[in-house]
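> I'll drop the sequence and a predicted model, then ask my questions.
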Amino acid sequence: MHGMKRRLLLGWAGMAGLLTLVAPGAAARGDGYAIEPAPLTAVQLNDPFWSPRLETNRSVTLRHLLEQCGESGQLHNFAKAGGLMAGEFRSRPPRDSDIYKILEGAAFMLAAGPDPALEKELDELIAQVAAAQEPDGYLYTARRLLPADKLSATVAGPKRWLNEQKSHELYVAGHLYEAGAAHFRATGSRTLLDVAIRNADLVAKEFGPGRLQFPPGHQGIEIGLASLFRATGDRKYVDLARFFIELRGRPETHTLYGDYGQDHRPVVEQEEAVGHAVRACYLYAGMADVAALTADSRYGKVLDRLWNDVVSTKLSLTGGIGPRRRGEAFGDAYELPNLEAYNETCAALAAAIWSYRMFQLEAAGKYVDVFERIIYNGMLSGVSLSGDRFFYENPLASRGGHNRVAWFETPCCPTNLVRFLPTIPGYVYATGPDGVYVNLFAESAATLEVEGCPLRLTQSTRYPWEGRVTIAVDPERPLEATLCLRVPGWARNEPVPSDLYRVAATDPAEPTLRVNAQPVELRVENGYARLHRRWEKGDSVELDLPMPIRRVLAHPAVKDDAGRVALQRGPLVYCVEGVDHGGQALNLGLADDAALAAEYRADLLGGVTVIRGDGLTAIPYYAWGNRGDGEMAVWLVRRPGTP
């Protein structure tokens, strides 16, 4: 470590040494992380909540996005650039990335189950992508289709890479790498992977000490390079990801992008999350990947600091981040507006990806708590129940006029959703050196390898509407192992793992645990109840998480929530809509002593549990905006109770 520190203190003259810091064999496990999520192919999801959404994503959202990409022109830019069809460039140059995200999402769908028609469709689209690639590996359709004078007038710039802060050529490449790796894992085909490899090899050739020395304008290639390493085993991709990360905040190499692009100081010196929220979280997720693959403890310390900053001062109750419209950016500490909150859907997804990587690094349940909050609230709100209408922004209040739409000029959010939703089953279970983790609660089954023994887990639950979870534990042979069950913070009267939000009154109902119908002591360690025993066929575990309706209050420094209260039940944040209250929602109040009751409504919004009481009806936040335009509010006026 002393040698490492010395090289870092040499300034840019010592940057060449950074490329040698990856220790061969440092990552003992397949992806470098101590904790590995269960492969998608190992999990069968049959969940009343998530399965219909994944099916809608496959049958509706994917079709809708392909149709919209065709109408907007970006789908056909590859065929045009490859000489397979005539026509001019349409759309905006960085939008190649949306096609890659759609390809990645479709690949995850194939991993979940065979679909010959979809696989054939992907093969045809991949052939168009491959045809558009230039002989040296460069791939950016605008540069191949637009004449030089028009390129200069767009964000692309007259030469490769040199307008990277706006062209996002490296960001686009990162999505290509993720799509190539996902398609290879799902199908075994190298068609898209080889396109990605040729491009990444070009980037590795053109960037580095003594060559091009500036970081991506929009982060994302760092994650993609880590994915490419896992698919190929070629460590130069890890080196390159590390190189790009270490460039930030180095004025001796490039004109700094400033805090908007997290380029205001070297990453190891950054104290708080600033700037464009999506770019920031992609950077932090990439840093986590590199930390895992290089055993660099410096990155882990920085990531702890940045994650705690977000969760303690910059996280909306719904899990949304990036409240400032200007710059789609983080604000100051406790700057968490409701009506004006931007909270881009992509930012929620990026924060979820980063939080799960933090769990993989540290095996702490708090990271999955935040991940869960995001996916049930700030992420899921981004797509309609029908699967073909979307929110780009996810405020916590609306005067009306904030409607879901079919498409955006910059459709990054819909295409991010279509690639993220199919991965949900892979987040339910995980394995690590200290046991098997049950992180999410969903009707599912998984077969995992533990100490060389196949272990079948079958989970039964009506989560998120009910908190009882039953798990059948069936090892192929008697197996001594630890089963780690996440006990969510919300079930322990802790909305988030900080003092940013708190419950108004502690509920006395506590989680309980049974093994083979016999009560056992539930002790929570780092967010998990750990059951170490000799497991045999026919064993079962029951975790009961009481779901009282909780009133939530914000930290006094959150000015927009002063004198207001929010409702949460289980992992779900609730809101009120004008459609249920004569058109009014923003000024609705809730008395401290008002009786509240939960009621499941199978006939409403695809089946939801509503909260009723004191003249109001509250629905899950994710479901708002599905019944037409109108007012909405998460934070209600808090009224004192009866004297």
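Everything's here; your move.

> ok, and the closest non-adjacent residue to L110?
Residue nearest to L110 in three dimensions, not counting chain neighbours: A186, with 4.4 Å by CB to CB, 6 or more residues apart in numbering. (C-beta placed from N, C-alpha, C; glycine too.)

> list the helices and strands the helix or strand hosting the one you found packs on?
Following DSSP states H and E, the helix or strand that holds A186 is helix 169-187. Judged by 3 or more CB pairs under 8 Å, 6 or more residues apart in numbering; DSSP states H and E, the packing partners of helix 169-187 are helix 96-112, helix 116-132, helix 191-206, helix 221-232.

> Which stretch among those approaches Q165 most closely?
Between Q165 and these, the shortest separation by CB to CB is 13.8 Å, and it involves helix 221-232.

> what element comes up after that closest one heading to the C-terminus?
Later in the chain than helix 221-232, the nearest helix or strand by DSSP H and E is helix 236-247.

> any idea of the angle that next one forms with helix 221-232?
Going by axes from the mean of the first three to the mean of the last three CA atoms, to 10 degrees, helix 236-247 is angled at 160 degrees with respect to helix 221-232.

> packing partners for the helix or strand following helix 236-247?
Under the assignment DSSP H and E, the closest C-terminal helix or strand after helix 236-247 is helix 277-294. Judged by 3+ CB pairs under 8 Å, 6+ apart, helix 277-294 is in contact with helix 221-232, helix 236-247, helix 297-313, helix 345-362.

> Let's have those helices in TSV, adding mean pLDDT, distance to K559 and mean neighbour count.
Converted to TSV, these look like this (pLDDT from 0 to 100; distance: least, CB to CB, whole Å; neighbours: other CB atoms under 10 Å):
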stretch	mean pLDDT	distance to K559	mean neighbour count
helix 221-232	97	35	26
helix 236-247	98	35	23
helix 297-313	97	13	18
helix 345-362	98	22	26
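
> Could you point out which of the ones you listed sits nearest E206?
helix 236-247 (10.6 Å).

> what sits against H183?
Contact analysis of H183 by CB atoms under 8 Å, 6 or more residues apart in numbering lists 103-104, 107, 110, 122, 126, 189, 191-193.

> now with 7 Å?
The contact partners of H183, taken as CB atoms under 7 Å, 6 or more residues apart in numbering, are 103, 107, 189, 192-193.

> and of those residues, the nearest to V274?
Distance to V274 across the contacts of H183 (CB to CB) is lowest for L103, with 32.1 Å.

> For C281, see how far away P323 is.
Separation of P323 from C281 (CB to CB, to the nearest Å): 14 Å.

> just the helices in the stretch 301-450 of the chain please.
345-362, 365-373, 412-420 (DSSP state H, counting those that start in this stretch).

> where does F214 fall, phi/psi-wise?
Torsion angles at F214 (phi, psi; degrees, to the nearest 10) stand at phi -150, psi 150.

> residues touching it, list them.
F214 touches 164, 247, 253-254, counting by CB under 7 Å, 6+ apart.

> swap in S152?
Contacts of S152 (CB under 7 Å, 6+ apart): P158.

> Need the phi and psi values for it.
phi -60, psi -30.

> which residue ranges form the strands in the stretch 451-600 of the chain?
453-461, 468-475, 479-486, 501-503, 512-515, 518-520, 524-525, 528-535, 539-544, 549-554, 564-569, 572-577, 589-591, 597-601 (DSSP state E, counting those that start in this stretch).

> Give the helix, strand or coil label for I619.
Of the three states, I619 takes strand under DSSP: H, G, I helix; E, B strand; the rest coil.

> Numbering from 217 from now on, please.
Okay, using 217 as the starting number, the last item reads as I835.

> for the record, mean pLDDT for the helix holding A402?
Mean per-residue pLDDT for helix 385-403: 97.

> how distant is that helix from the center of its chain?
Averaging C-alpha positions (CA atoms, centre = their mean, to the nearest Å) puts helix 385-403 16 Å from its chain's average.

> List every C-alpha atom in that helix, with coordinates, as PDB.
What follows is helix 385-403, C-alpha atoms only, in PDB (Å, rounded to 0.1, in the frame of the first residue of the first chain):
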ATOM      1  CA  GLU A 385     -19.100   8.400 -27.400                       C
ATOM      2  CA  LEU A 386     -17.500   6.600 -24.500                       C
ATOM      3  CA  TYR A 387     -20.800   6.400 -22.600                       C
ATOM      4  CA  VAL A 388     -22.500   4.900 -25.700                       C
ATOM      5  CA  ALA A 389     -19.700   2.400 -26.000                       C
ATOM      6  CA  GLY A 390     -20.200   1.300 -22.400                       C
ATOM      7  CA  HIS A 391     -23.800   0.400 -23.200                       C
ATOM      8  CA  LEU A 392     -22.600  -1.600 -26.200                       C
ATOM      9  CA  TYR A 393     -20.200  -3.600 -23.900                       C
ATOM     10  CA  GLU A 394     -23.000  -4.300 -21.400                       C
ATOM     11  CA  ALA A 395     -25.300  -5.500 -24.200                       C
ATOM     12  CA  GLY A 396     -22.600  -7.700 -25.700                       C
ATOM     13  CA  ALA A 397     -21.800  -9.300 -22.400                       C
ATOM     14  CA  ALA A 398     -25.500  -9.900 -21.600                       C
ATOM     15  CA  HIS A 399     -26.200 -11.400 -25.000                       C
ATOM     16  CA  PHE A 400     -23.200 -13.700 -24.700                       C
ATOM     17  CA  ARG A 401     -24.200 -14.900 -21.300                       C
ATOM     18  CA  ALA A 402     -27.800 -15.500 -22.400                       C
ATOM     19  CA  THR A 403     -27.200 -17.200 -25.700                       C
END
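
> about what we covered before: format the strands of the stretch 667-816 of the chain as a markdown table; extra columns: mean neighbour count and mean pLDDT.
Formatted as a markdown table, the strands of the stretch 667-816 of the chain follow (neighbours: other CB atoms under 10 Å; pLDDT from 0 to 100):
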| stretch | mean neighbour count | mean pLDDT |
| --- | --- | --- |
| strand 669-677 | 18 | 97 |
| strand 684-691 | 19 | 98 |
| strand 695-702 | 21 | 97 |
| strand 717-719 | 18 | 98 |
| strand 728-731 | 16 | 98 |
| strand 734-736 | 11 | 97 |
| strand 740-741 | 14 | 96 |
| strand 744-751 | 18 | 97 |
| strand 755-760 | 19 | 98 |
| strand 765-770 | 21 | 98 |
| strand 780-785 | 23 | 98 |
| strand 788-793 | 26 | 98 |
| strand 805-807 | 18 | 96 |
| strand 813-817 | 13 | 97 |
